[in-house]
Each structure stands twice: as structure tokens, then as C-alpha cells.
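1. Just need the structure, nothing else, for what follows:
(one chain, ligands or ions: 1)
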Amino acid sequence: MKIAVLAGDGIGSEITAQALRVLDVLVRDGLHAEIEHGLVGGAAVDAAGDPLPEATERLCAGADAILFGAVGGPQYDGLPRAQRPEQGLLRLRKRFDLFANLRPALVYDELAHASPLKHELVLGLDLLIVRELTSDIYFGQPRGIRINEAGEREGFDTMRYTEGEIRRIAHSAFQAARKRSARVTSIDKSNVLETTQLWKDVVTEVGREYPDVTLVHMLVDNAAMQLVRNPRQFDVILAGNMFGDILSDEASMLTGSIGLLPSASLNAEGFGMYEPIHGSAPDIAGQDLANPLATILSLAMMLRYSLDQEAAAIRVEQAVRLVLARGFRTGDIAQAGESTVGCRAMGDAVVAALGD
Ligand code: NAD
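-> Residues are numbered from 1 along each chain as shown. The predicted structure follows:
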């Protein structure tokens with residue numbers, strides 16, 4: 001198995017280094033995996049004038065999975081759009097048709113107090129957002145800003161989904177639900193938007209192929225409210241690109257800790273890119289302050305979804321639980337008065353816990 005590692009910018013190299021130490025332990029214990037590093041984002045702009053150089057694209061095309069750190073930084077903000085670090089990420093998603101974005105939101109018992117919601121509402125929370133990533137109003141044409149007949153500026157976008165696009169993301173959600181608590185909540189705005197009426201119809205059709213999974217349809221406005229009223233009612237939330245974008249940020253805050261949340265973006269062949277949901281955190285980069293756990297948990301998702309190594313995935317996730325139970329905290333998840341460790345020491349703790 002070949003893993004392309006794209007560390008990117010800011011804290012990217014620090015957090016991926018810790019995930020690779022975890023991978024080293026697994027390899028020592030018999031996992032067959034080879035890694036190769038590639039440039040992406042601002043680092044690639046600096047070296048090659050392109051946020052996704054051809055060499056990186058080739059490396060990824062020849063790999064079984066991509067481990068991605070983060071891209072971006074204030075020094076690149078003035079560049080033309082095509083050269084911005086974030087374009088490297090968007091182009092990778094498009095190039096490999098990574099349409100299924102999986103974002104688990106899990107509240108660890110030890111960190112339930114870090115949530116802005118009441119402790120008793122989030123304790124034990126474990127949900128998975130399955131967001132469509134390559135279509136919807138973000139990609140629909142036509143779009144633009146024009147002068148209308150009244151001589152006024154008018155902005156417009158096109159919300160569009162094909163039946164096939166809905167069908168394949170729905171299958172991803174139902175299959176994921178089968179490995180969890182077998183409940184899918186599909187999000188739409190079918191009372192107002194035609195595109196989402198089609199979404200609802202197609203999801204219902206796909207749902208008939210999964211009689212063992214309970215399907216509930218929910219309007220997006222209600223879902224936004226239910227996520228803070230009673231988040232534990234959800235198991236898998238299935239959403240289009242825009243609704244999924246908004247709801248997944250809301251759901252991530254339920255856990256109270258951006259440095260802990262991993263993600264996977266998969267295509268139809270199971271090829272995937274795995275990355276923490278946070279950015280390059282330039283404010284703490286190079287200071288050994290970053291929390292590497294989101295990246296280590298992204299590695300666990302890679303083991304599960306692209307490399308078919310469920311036992312190894314569980315081993316990594318249990319090691320993370322153990323270090324949290326033992327009280328290891330980076331600054332982002334520490335409460336007032338708790339002592340903190342750095343990025344590398346957190347990696348040390350996970351590596352040690354893998355042996356327990
Ligand atoms: P950010 O996620 O980088 O940081 C937000 C806050 O969270 C910062 O205070 C940061 O220090 C903290 N933080 C983030 N990750 C952390 C970690 N692992 N451990 C401890 N603290 C952590 O978001 P931002 O500041 O809005 O953006 C910074 C740069 O990252 C921008 O250039 C943005 O475009 C880019 N970005 C990239 C991605 C990506 O690569 N997928 C995602 C979001 C933002």
C-alpha cells in the first residue's frame with residue numbers, strides 16, 4: 001500500500017509527522033505501507049509556482065490514499081486565485097472525484113465539558129456527517145453577477161444535482177450507517193427547492209435497497225435546530241454540498257475542539273484523501289503547540305476506508321482515547337488550570353498508548 005503524504009503549510013508538517021510516527025509503529029507490527037512525500041499548497045507555490053504541481057498529482061495518482069495536512073497562510077493571501085494554496089486542495093478533490101466527505105463528530109467523555117452545549121446534551125455523542133463534495137450550488141452553472149433589466153446588480157447561482165450524483169452519495173451514507181447504528185437522516189429543503197425534492201425522492205429510492213437502515217427525512221432548518229436541541233438523535237446525517245458544509249461546521253462545534261476532528265473524502269473506487277478539518281493555524285505554526293490528534297484520527301479513517309485495516313484503525317482510535325483518559329492535553333483542548341503538552345509529546349503519548 002502506497003500513501004502519498006502532503007503536509008502542506010503552517011502546522012501541516014508538525015501534525016503529519018506525528019501521524020507518520022503512529023504509522024511507523026503499525027508498519028513495525030506488520031502493516032505493509034510505503035509513504036512518499038509531495039508538495040502542495042503554499043509550499044508548492046514557493047517551490048514550483050503551482051499549489052498542485054504535476055509531480056504531486058502523479059504521486060497521488062499512483063498511491064492508494066492521500067494523507068493531507070493543511071494549506072494556506074497570510075503570506076499567500078495576495079496571490080491571484082489560481083495560485084492560492086487552497087486551490088491545491090480543491091483541484092485534488094476534483095481530479096480524483098472525491099465526492100463523499102465523511103466527517104465524524106465524536107465527544108470523548110473526558111472532553112464533554114469543552115463543548116459549548118450542556119454536558120448532558122453531548123455526553124456520548126457520536127455522529128457522522130456524509131456530505132456530497134463535488135456538485136450542488138457550489139459548482140452549478142450559470143452563476144455570476146450581472147446588471148438586470150432594472151439596471152440593478154443581481155447575483156445568481158444554480159443549484160443543481162443529477163440523479164446519479166444523489167444516488168452515489170446516498171449509497172455512501174447507507175453503507176456507512178450499516179457499520180454504525182443503522183440510521184440515516186437525509187437533509188433537504190423540499191418544501192421550497194425542486195433540486196432537493198429530487199434529492200429526497202432519490203434518497204428514498206436508494207433507501208429501499210437498505211431495509212435494515214432506518215431513513216428519516218428532515219428539513220435543513222429543522223436539522224440546524226435539532227443539532228443543538230438533541231444532537232444524540234442523529235447517527236448518519238446525509239446532506240448535499242451546501243447544507244452539509246453548514247451543518248458539519250455546526251456539528252464540529254458540538255465537540256468543542258477543532259484539533260480533534262478528522263475527515264475522509266472518498267471517490268467511487270474507495271480512493272481517498274484524509275485530513276484534519278482544521279486549517280494551517282499560522283498563529284501557532286512552528287512552536288510545537290498544535291494538536292496532532294485530528295491528523296492521527298484521519299490516519300485511522302484511512303486505515304478503515306481505503307486500506308481495509310479495521311483492526312489497525314480501532315487500535316489507533318483506542319490509543320487516542322487512552323491518551324485523553326490519561327489526561328494529555330494540547331492547548332486547544334485544555335481547560336483552565338490543566339497542564340498541557342506540545343505536539344510532539346502528544347505524538348509520544350499516542351505511540352506509547354499503541355503498545356498498551
Ligand atoms: P485554522 O483552522 O487554521 O485555525 C483556527 C484556530 O484554531 C486558530 O486559532 C488555530 O491556532 C486553532 N487550531 C487549528 N488547528 C489546530 C490544532 N491542530 N491544534 C491547536 N489549535 C488549532 O483556521 P484559520 O485561522 O481560519 O485559517 C488559517 C489558514 O488555514 C488560512 O490560510 C485558511 O485558508 C487555511 N485553511 C485551510 C484548510 C485546509 O487546509 N483544509 C481548512 C481551513 C482553513
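
2. and the gap between the residue nearest the centre of the chain and Leu133?
-> For the chain, the residue nearest the mean C-alpha position is Ser263 (2.5 Å; C-alpha atoms, centre = their mean). The spacing between Ser263 and Leu133, counted by C-beta to C-beta, to the nearest Å, is 10 Å. The C-beta positions use only the backbone N, C-alpha and C, and glycine is treated the same way.

3. Quick check: neighbours shared by the two?
-> When contacts are counted by C-beta atoms under 8 Å, 6 or more residues apart in numbering, the set common to Ser263 and Leu133 consists of Asn101.

4. you'd agree the residue nearest to the centre of the chain is up against Asn101?
-> Yes. Taking contacts as C-beta atoms under 8 Å, Ser263 lies within contact range of Asn101: 6.4 Å.

5. What residues sit buried inside stretch 83-97?
-> 83-85, 87-89, 91-93, 96-97 (16 or more other C-beta atoms under 10 Å).

6. Which residue would be the closest one in the stretch 51-200 of the chain to the ligand?
-> Gly72 (2.4 Å; C-beta to the nearest ligand atom).

7. For that residue, list the residues it contacts.
-> Taking C-beta under 8 Å, 6+ apart as the test, what Gly72 contacts is 8-10, 41-42, 84-86, 279-280, 282.

8. My guess is Val40 contacts Ala55. True?
-> No. Between Val40 and Ala55 there is no contact under C-beta under 8 Å: 10.6 Å.

9. Could you check which of those two has the larger neighbour count?
-> Per other C-beta atoms under 10 Å, whichever of Val40 and Ala55 has more neighbours is Val40, with 33 against 14.

10. Next one, pLDDT for that one please.
-> What the model reports for Val40 is a pLDDT of 98.

11. ok, it - contacts?
-> 6-8, 51-52, 56, 68, 71, 85, 88-89, 92.

12. Which pLDDT does the model give Asn148?
-> pLDDT at Asn148 comes out at 97.

13. what about the residue nearest to it when sequence neighbours are not counted, which helix or strand?
-> Among residues not flanking Asn148 along the chain, Glu154 sits closest, at 4.3 Å (C-beta to C-beta, 6 or more residues apart in numbering). According to DSSP states H and E, Glu154 maps onto strand 153-156.

14. Mind checking which of the contacts of Val40 are in strands?
-> Using DSSP state E, 6-8, 68 are the members of these that sit in strands.

15. pull the CA atoms of stretch 330-349 into CSV?
-> Only the C-alpha atoms of stretch 330-349 are listed here, as CSV (Å, rounded to 0.1, in the frame of the first residue of the first chain):
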residue,chain,number,x,y,z
THR,A,330,-2.7,20.2,24.0
GLY,A,331,-3.6,23.9,24.5
ASP,A,332,-6.8,23.8,22.3
ILE,A,333,-8.5,21.1,24.4
ALA,A,334,-7.1,22.1,27.9
GLN,A,335,-9.4,23.7,30.5
ALA,A,336,-8.2,26.5,32.7
GLY,A,337,-5.7,25.1,35.2
GLU,A,338,-4.9,21.9,33.2
SER,A,339,-1.3,21.3,32.3
THR,A,340,-0.6,21.0,28.6
VAL,A,341,1.8,19.1,26.3
GLY,A,342,3.2,20.0,22.9
CYS,A,343,2.5,18.4,19.5
ARG,A,344,5.5,16.0,19.7
ALA,A,345,4.8,15.0,23.3
MET,A,346,1.2,14.2,22.3
GLY,A,347,2.6,12.1,19.5
ASP,A,348,4.8,10.3,22.1
ALA,A,349,1.8,9.6,24.2
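
16. residues of it that come out buried?
-> 330, 332-334, 341-343, 346-349.

17. can you narrow these to ones near the ligand?
-> Counting by C-beta under 6 Å from any ligand atom, 330, 332 from the buried residues of stretch 330-349 sit close to the ligand.

18. Show me which of the buried residues of stretch 330-349 is closest to Glu194.
-> Asp332 (42.0 Å; C-beta to C-beta).

19. thinking the closest one is in contact with Gly256, fair?
-> No. Using C-beta under 8 Å, Asp332 makes no contact with Gly256, being 9.5 Å away.

20. count of residues packed around the closest residue to the ligand within the stretch 201-350 of the chain?
-> Relative to the ligand, the nearest point of the stretch 201-350 of the chain is Gly279 (2.4 Å; C-beta to the nearest ligand atom). A total of 19 residues lie near Gly279 under the criterion other C-beta under 10 Å.

21. count of residues packed around the residue nearest to it when sequence neighbours are not counted?
-> Nearest residue to Gly279, sequence neighbours excluded (C-beta to C-beta, 6+ apart): Ala70, at 5.1 Å. Around Ala70 there are 31 other residues, counting by other C-beta under 10 Å.

22. Tell me how many other residues crowd Leu111.
-> 19.

23. Phi and psi next, for the closest residue to Ala55 other than its chain neighbours.
-> Excluding its sequence neighbours, the residue lying closest to Ala55 (C-beta to C-beta, 6+ apart) is Gly38, at 6.8 Å. Note on Gly38: its backbone torsions stand at phi -140, psi 160 [degrees, to the nearest 10].

24. Residues of the stretch 201-350 of the chain that sit close to the ligand?
-> So the stretch 201-350 of the chain meets the ligand at 258-259, 275, 278-284, 290-291, 294, 330, 332 (C-beta under 6 Å from any ligand atom).
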